[in-house]
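**Student:** I would like the atomic coordinates for the input below:
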Amino acid sequence: MDGDVPEPESGLIDLTEVPLDRLRSLDDSVLSYAIRRKLRELDDAPEVLAAFDNSISSSFFPGTN
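**Tutor:** Below is the predicted model of the structure:
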């Protein structure tokens with residue numbers, strides 16, 4: 001064995017280099033429909049906001065103001 005790892009075969013087409021706009025514009029394809037549906041779901045989803053306050057109240061430390 002020479003240490004080379006064989007490339008797995010999936011039968012899927014590699015679309016990583018194809019721009020999303022081009023994929024979205026494919027007429028009546030299942031892929032185009034799925035992309036448009038996911039983008040609509042993302043557009044309609046409420047925004048998620050995670051925030052925190054890292055200050056400690058002075059009441060946490062007795063004797064300080």
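
**Student:** longest single helix anywhere in the chain?
**Tutor:** helix 30-44 (DSSP state H).

**Student:** what's the average pLDDT for stretch 39-49?
**Tutor:** For stretch 39-49, the mean pLDDT works out to 76.

**Student:** give the buried residues for the longest helix of the chain.
**Tutor:** Ile35 (16 or more other C-beta atoms under 10 Å). For every residue, glycine as well, the C-beta is placed using N, CA and C.

**Student:** residues in contact with that helix?
**Tutor:** When contacts are defined by C-beta atoms under 8 Å, 6 or more residues apart in numbering, helix 30-44 is touched by residues 20, 23-26.

**Student:** 10 Å instead, please
**Tutor:** Here helix 30-44 makes contact (C-beta atoms under 10 Å, 6 or more residues apart in numbering) with 13, 15, 20-26, 29.

**Student:** please enumerate the helices of this structure.
**Tutor:** 20-24, 30-44.

**Student:** is it possible to get TSV of the ones you listed that adds distance to Asp4?
**Tutor:** What follows is the helices of the chain, written out as TSV (distance: least, C-beta to C-beta, whole Å):
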stretch	distance to Asp4
helix 20-24	32
helix 30-44	32
